[in-house]
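# pasted the sequence and its predicted model underneath.
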Amino acid sequence: MASTAYPAPAHAPSYSGEQSGLWSWLSTVDHKRIGILYLYTALFFFMFGGVEAIIIRAQLGAPNQHLVSAEFYNQLFTMHGTTMIFLAIMPLSAAFFNFLIPLQIGARDVAFPRLNAFSYWVYLFGGIFITIPIFFAVAPNGGWFGYAPLTTKAYSPGINIDFWVIGLQVLGVSSLAAAFNFLTTIINLRAPGMTLMRMPMFTWMAFIVQVLLVLAFPVITIALVFLLFDRNFGTNFYNTVSAGADPLLWQHLFWIFGHPEVYILVLPAFGLVSEVLPTYSKKPLFGYPVMVYSGILIAVLGFGVWAHHMFAVGMGPIADTFFGLTTMLIAIPTGVKIFNWIATMAQGAIRYTTAMLFGIGLVALFTIGGISGIMHASPPADLQQTDTYFIVAHFHYVLFGGSIMGIFAGIYHYFPKITGRLMDEKLGKIHFWLTFIAMNLTFFPMHFSGMLGMPRRIYTYDAGQGWDLFNAMSTAGAMIFPIAMLIFIYNFFVSRKRGEIAGSNPWGAGTLEWTIPSPPPEYNFAKIPTVTSRYPIWEGKDVDHEDARINSQQGKTPADLGIIMPYNTIKPLFVALGLIVMFCGLISSRALIGVGAALMIFSLYSWLLSPLEPEHH
């Protein structure tokens, strides 16, 4: 297979990523710049959630610690889970969705550029809304899954839970707006010849994730609306059983959302690794059709396993049997992916770059998390392990060992496409090995402390229960994470300014996004390519877009080329701001509801009346 590595092009002045000034970022509708905004914001929240985790581990590092109060500890573990899931991992995936999907399918932008900008600003304001309360000790404190009736007014009378309920609804607006946008983009804007079965695997996994979002988020929205009404308007969906409430209703609604959410978090990482492993093995992805079908099957089965989170609530033998069987069944398509990744690497010309190491790390660590997950398919075993630190170990191997390792693989792999420069490989490998060691030292001992009976969400504990050594090991491992992240941050920002110039395709990858300059011009492709294979570069196919590189070198603007690009506008920002102000009124002054609604309606009206792009001539 031949590969193409174009010489490093001059940076095109027309590339929107090089427009200077704050206004250009506030008003941008370019999918690449919005992807970069998602990346920076989500990395900030990832580090913020990491600080919360370090405080938690410092509190649990030895028996009878009192570094923080029990109430503040409740806020810490609630916000750690909420931050990592809704403000870090999902938006990090969204950063890649935004930047890569149009490039991988041969499109100039997403279907609805302004809706794309709106989804980012809603995410940013929602993240600020739900995060700020921890600085005033009024952060959500009922656990990241907010079990009712614990979170109803009778048992959580403060405003802590209100921030969580409203914040998640705001973030849901962002996720749904983005999901409809990407679904429309993938279905309608693929380049000629880009059939579904020629799409890169990352775009396929992104497509499946958008379907999951559209189907799963309305369920959590309904659950949150019920809780909001119970807390503020005197309804009784969750609270008083004698008045007709169902104490398990919240759990069913939350986990019908919550288990597809696991795949919303991990499938983008699977897609990134499915781009990384073939590139550094110099082989096409093994079993491409089966990988696609396994992803679809994961999505379908993901809606049929939610109650394995509820084996301890007394559902009865029929329900326990059904959900135990479906939980075992969903391991099959996941196992297919693991075996296909291994087969992709088998007998390949492997290059152990930083991205490849993180990709292999995902395969190894997610396998551990998957195996412990199969254990929980057995209700008797689950009854012993539920709400213990064994579960904490399991889902961190899934979400950190899976999602985060895959996202770091994607960052190192696509950094040159985003910035035009390479990250330092030596520092990258140090980052990988420190992260790998910290991950296992932190979370593997939790299996043992959990099996010895250490409950989740515990604030402190007495000595002599057999947990001391395992907690000390976990805390020591957690202290390595900040060192690894500091190395990554240094590498990221220094490389962005002074890294080696990358060229169009420094890794010798085979997919469409590597055929245009790095960073891409504002218009992506000077001429929309015609696609005839999954790996057009490797197969030497002419995809009709070499003009993009030449135009980039010559500094031609979209107008010079007769390409119509959408106008930038700040109106989506104001619509998002109006939305968050309106929701703030539910907690503070009711007058803010009117102010926010007026701002949102006026901005939206102005947005809808303004032209999207210059008229075609």
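Nice, thanks for sending it over.
# which residue is the nearest non-sequential neighbour of Asp468?
If the residues on either side of it in the chain are set aside, Asp468 comes closest to Pro63, at 6.1 Å by Cβ to Cβ, 6 or more residues apart in numbering. Glycine gets a C-beta too; all of them are placed from N, C-alpha and C.
# likewise Gly167?
Here the residue nearest Gly167, using Cβ to Cβ, 6+ apart, is Ile130, at 3.1 Å.
# name the residues of the one helix or strand that neighbour maps to that are buried.
According to DSSP states H and E, Ile130 maps onto helix 113-131. For helix 113-131, the buried set under the neighbour-count rule, 16 or more other Cβ atoms under 10 Å, comprises 113-127, 129-131.
# kindly report the same for stretch 519-538.
519-526, 528-531, 534-538.
# how far away from the center of its chain is it?
26 Å (Cα atoms, centre = their mean, to the nearest Å).
# now stretch 502-512
For stretch 502-512, the distance to the chain centre is 24 Å (Cα atoms, centre = their mean).
# lowest-confidence helix or strand of this protein?
In the chain, no helix or strand scores lower on mean pLDDT, DSSP states H and E than helix 547-554, which sits at a mean of 58.
# and after that one, which helix or strand comes next?
helix 571-584.
# C-alpha coordinates for that following helix, PDB please?
C-alpha atoms of helix 571-584 as PDB (Å, rounded to 0.1, in the frame of the first residue of the first chain):
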ATOM      1  CA  LYS A 571     -26.300  35.600  18.000                       C
ATOM      2  CA  PRO A 572     -26.100  31.900  19.000                       C
ATOM      3  CA  LEU A 573     -24.000  33.000  22.000                       C
ATOM      4  CA  PHE A 574     -26.700  35.400  23.100                       C
ATOM      5  CA  VAL A 575     -29.400  32.800  22.600                       C
ATOM      6  CA  ALA A 576     -27.400  30.400  24.900                       C
ATOM      7  CA  LEU A 577     -26.900  33.200  27.400                       C
ATOM      8  CA  GLY A 578     -30.600  34.000  27.500                       C
ATOM      9  CA  LEU A 579     -31.300  30.300  28.100                       C
ATOM     10  CA  ILE A 580     -28.900  30.100  31.100                       C
ATOM     11  CA  VAL A 581     -30.200  33.300  32.600                       C
ATOM     12  CA  MET A 582     -33.700  32.100  32.300                       C
ATOM     13  CA  PHE A 583     -32.800  28.900  34.200                       C
ATOM     14  CA  CYS A 584     -30.900  30.800  36.800                       C
END
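# mind giving me the packing neighbours of it?
Applying 3 or more Cβ pairs under 8 Å, 6 or more residues apart in numbering; DSSP states H and E, we find helix 571-584 packed against helix 113-131, helix 160-188, helix 591-609.
# let's have these in a markdown table, adding distance to Val219 and mean pLDDT.
Formatted as a markdown table, these follow (distance: least, Cβ to Cβ, whole Å; pLDDT from 0 to 100):
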| stretch | distance to Val219 | mean pLDDT |
| --- | --- | --- |
| helix 113-131 | 19 | 97 |
| helix 160-188 | 10 | 96 |
| helix 591-609 | 25 | 93 |
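# return the most buried member of the ones you listed.
Stretch with highest mean neighbour count among these: helix 113-131 (a mean of 24; mean count of other Cβ atoms under 10 Å).
# need the CA coordinates for that one. PDB is fine.
What follows is helix 113-131, C-alpha atoms only, in PDB (Å, rounded to 0.1, in the frame of the first residue of the first chain):
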ATOM      1  CA  PRO A 113     -23.200  25.900  11.500                       C
ATOM      2  CA  ARG A 114     -25.000  28.300  13.800                       C
ATOM      3  CA  LEU A 115     -26.700  25.500  15.700                       C
ATOM      4  CA  ASN A 116     -23.300  24.100  16.100                       C
ATOM      5  CA  ALA A 117     -22.000  27.300  17.700                       C
ATOM      6  CA  PHE A 118     -25.200  27.400  19.900                       C
ATOM      7  CA  SER A 119     -24.500  23.900  21.200                       C
ATOM      8  CA  TYR A 120     -21.000  24.900  22.300                       C
ATOM      9  CA  TRP A 121     -22.100  28.100  24.100                       C
ATOM     10  CA  VAL A 122     -24.900  26.200  25.900                       C
ATOM     11  CA  TYR A 123     -22.300  23.700  27.000                       C
ATOM     12  CA  LEU A 124     -20.000  26.400  28.300                       C
ATOM     13  CA  PHE A 125     -22.600  28.300  30.200                       C
ATOM     14  CA  GLY A 126     -24.200  25.100  31.600                       C
ATOM     15  CA  GLY A 127     -20.800  23.900  32.700                       C
ATOM     16  CA  ILE A 128     -20.100  27.200  34.500                       C
ATOM     17  CA  PHE A 129     -23.600  27.100  36.100                       C
ATOM     18  CA  ILE A 130     -23.100  23.700  37.600                       C
ATOM     19  CA  THR A 131     -19.500  24.200  38.600                       C
END
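# quick one: that helix to helix 571-584, angle?
Following axes from the mean of the first three to the mean of the last three Cα atoms, to 10 degrees, one obtains 30 degrees for the angle between helix 113-131 and helix 571-584.
# so for the chain, the centremost residue is which one?
Among the residues of the chain, the one closest to the centroid is Met90, at 2.2 Å (Cα atoms, centre = their mean).
# any buried residues in stretch 210-225, and which?
Within stretch 210-225, the residues scored as buried using 16+ other Cβ under 10 Å are 210-213, 215-217, 219-221, 223-224.
# before we move on, what about stretch 276-286?
For stretch 276-286, by 16+ other Cβ under 10 Å, it's 276-281, 283-286.
# what's the mean pLDDT across stretch 315-330?
Model confidence over stretch 315-330, given as mean pLDDT, is 94.
# please disregard the earlier target; I meant stretch 279-293.
For stretch 279-293, mean pLDDT rounds to 96.
# could you do stretch 343-354 as well?
94.
# please enumerate residues in contact with that stretch?
Under the contact criterion Cβ atoms under 8 Å, 6 or more residues apart in numbering, stretch 343-354 has outside partners 277-278, 280-287, 356, 360, 412, 423, 425, 428-429, 431-432, 507.
# now do the same contact list for the residue nearest to Gly167.
79, 82, 86-87, 140, 163-164, 167-168, 170-171.
# mind running it again at 7 Å?
Applying Cβ atoms under 7 Å, 6 or more residues apart in numbering, we find Ile130 in contact with 82, 163-164, 167.
# just the residues you listed now: which is nearest Gln104?
Comparing the contacts of Ile130 against Gln104 with Cβ to Cβ places Thr82 closest, at 30.8 Å.
# identify each buried residue in the helix or strand where Leu277 lies, please.
Assignment of secondary structure by DSSP H and E places Leu277 within helix 249-281. By neighbour count on 16+ other Cβ under 10 Å, the buried set for helix 249-281 is 250-281.
# any stretches of the stretch 1-150 of the chain with poor pLDDT?
1-20 (pLDDT under 70).
# hey, where'd the helices end up in it?
Applying DSSP state H, counting those that start in this stretch to the stretch 1-150 of the chain gives helices spanning 22-26, 31-60, 70-82, 90-105, 113-131.
# many thanks, we can stop here.
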